[in-house]
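**Student:** Pasted the sequence and its predicted model underneath.
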Amino acid sequence: MSRVYRIIKKSVKSQARLGQIKTAHGVIKTPFFLPIATKGSIKAVTPEEISYLGAEIILANTYHLYLRPGLTVIKKAGGLHKFMNWSGGILTDSGGFQVFSLARFRKITAKGVEFKDNISGKKHLFTPEKAIKIQKDLGSDIMMVLDECTPYPCSKEYAKKSMALTTLWAERGKRQHVARGTWQTAQDKSLLFGIVQGSIFKDLRIKHAKELVKMNFDGYAIGGLAVGEPVKKMYKVLDWVIPFLPEDKPRYLMGVGKPEQIVEAIKKGIDMFDCVIPTRNARHGLLYIWNSRVGRVVSTRQKTKAGLGTTQLTLLGEKFYEELRIRQSKYKKDIKPLDPNCDCYTCKNYSRAYLRHLFVSEEPLYLRLATIHNLKFYLDLMKKIQKGIKESLI
């Protein structure tokens, strides 16, 4: 039995699970979504607002925080939680993806990855051991091993070599984690996840999953997806990999995704998600609202024994949301709330017309109001899904 993850209920309709992850900063109910705090903040909103919206854990980026402000000031503040005034959980990635995608120069060897940072041009070397040390210094609740995120498309030979390197790095990262302490020590309750790679090749994905499971990580992420491959291929990879992951460990789908993709992945047995979509799209004028049909059905069934959650969740197999592009001229005189079915601060206090005015006028207030709403939509989606699993609806 896992020391960090407990399954509360399994769905009878799918592979969805309702569970709990035990971290140093509290017990977190799964499935959950991680808002992205890349540089120690979620753009345009405060940690207090994120907590109020219902987030229990966020994602911070090792690469960016290592470069700026640097570990010295964060350690002086007492760790990342105190530095950013966040009392919930923090998951940190290893920094590998950013090294591969942002660094101006990089050289990958068995030792690690050497790169010039995108701020000063200074050379750095990220080894698997250093990635763990940095995340420990940040005070991460859930750490990720250093891996190479393969691009799409890539050849099978490239994917195979990359996978072998990620396996080697995972072994070294795990040794470093164990050397720095165990769960029993008060100083070290960080969890460590392995990352399954292998691109879109079935045999590689299965082989890598088996190799990582032998290392006995606290949880397992599926990486190298949402990088341009068709959605159907992503779902196939999940179908290949999930049966080979431990039932009693949390499963994390990195970088995903759209609301309907999250629902589908949960049905396949995924527990954790992160993505920039809600915050990035908010800043660019794309807002998520519950499908108007859902609102009408809820208003007529709200007092029934089944309840609000039941009615809405029956529609998750369909298009249960709409994308509202606030720039469109039809919202210029629309004084309705952004989403009549949402109780977030934005929807309770401001109209579509006002939000459009802020957006086209490039007023900073728009960024805050839009981000609050989109994150509330995503976090509410997870609550509805949790309720749906509990009531055997998903």
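**Tutor:** Perfect, I can see it now.

**Student:** Pull out the buried residues from stretch 382-394.
**Tutor:** In terms of neighbour count (16 or more other C-beta atoms under 10 Å), stretch 382-394 has its buried residues at M382, K384, I385, Q386, K387, G388, I389, L393, I394. Where C-beta positions appear, they are placed from N, C-alpha and C, glycine not excepted.

**Student:** Helix or strand for the residue lying closest to the first one once chain neighbours are set aside, just tell me which one.
**Tutor:** So that's M382. Counting by C-beta to C-beta, 6 or more residues apart in numbering, M382 lies nearest to F33, which is 5.1 Å off, once chain neighbours are set aside. Taking DSSP states H and E as the definition, one finds F33 inside strand 32-34.

**Student:** Spell out which strands sit alongside that strand in the sheet and which way each one runs.
**Tutor:** The strands that strand 32-34 pairs with in its sheet are strand 272-274 (parallel) (by DSSP bridges).

**Student:** Give me the contact list for the strand it pairs with.
**Tutor:** In this structure, residues lying in contact with strand 272-274 by C-beta atoms under 8 Å, 6 or more residues apart in numbering are 30-36, 59, 91, 219, 221, 250-257, 262, 265.

**Student:** Show me what the mean pLDDT comes to for that strand.
**Tutor:** Here strand 272-274 scores 99 as its mean pLDDT.

**Student:** Can you name the next helix or strand after that strand?
**Tutor:** Past strand 272-274, heading to the C-terminal end, the next element that is a helix or strand (DSSP H and E) is helix 277-283.

**Student:** what sits against V73?
**Tutor:** V73 makes contacts with F83, as judged by C-beta under 8 Å, 6+ apart.

**Student:** give me the beta-bridge partners of the spatially most central residue of the chain?
**Tutor:** Closest to where the C-alpha atoms of the chain average out (C-alpha atoms, centre = their mean) is D274, at 1.4 Å. For D274, the residues forming beta bridges with it (DSSP bridges) are L34.

**Student:** Distance of it relative to N118?
**Tutor:** Spatial separation of D274 from N118 under the definition C-beta to C-beta, to the nearest Å is 21 Å.

**Student:** re earlier: point out the ones among the contacts of strand 272-274 that are inside strands.
**Tutor:** By the criterion of DSSP state E, membership of those in strands covers T30, F32, F33, L34, I36, L59, L91, G219, A221, R251, Y252, L253.

**Student:** now these as TSV including distance to S2, neighbour count and pLDDT?
**Tutor:** Written out in TSV, the entries for the ones in strands among the contacts of strand 272-274 read as follows (distance: C-beta to C-beta, whole Å; neighbours: other C-beta atoms under 10 Å; pLDDT from 0 to 100):
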residue	distance to S2	neighbour count	pLDDT
T30	12	24	99
F32	17	24	99
F33	21	24	99
L34	20	23	99
I36	26	21	98
L59	21	25	99
L91	17	25	99
G219	9	23	99
A221	15	28	99
R251	12	29	99
Y252	14	26	99
L253	19	29	99
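
**Student:** Reformat those residues into TSV and put distance to V241 next to each item.
**Tutor:** Rendered in TSV, the data for those read as follows (distance: C-beta to C-beta, whole Å):
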residue	distance to V241
T30	18
F32	20
F33	20
L34	20
I36	24
L59	21
L91	20
G219	13
A221	10
R251	9
Y252	12
L253	10
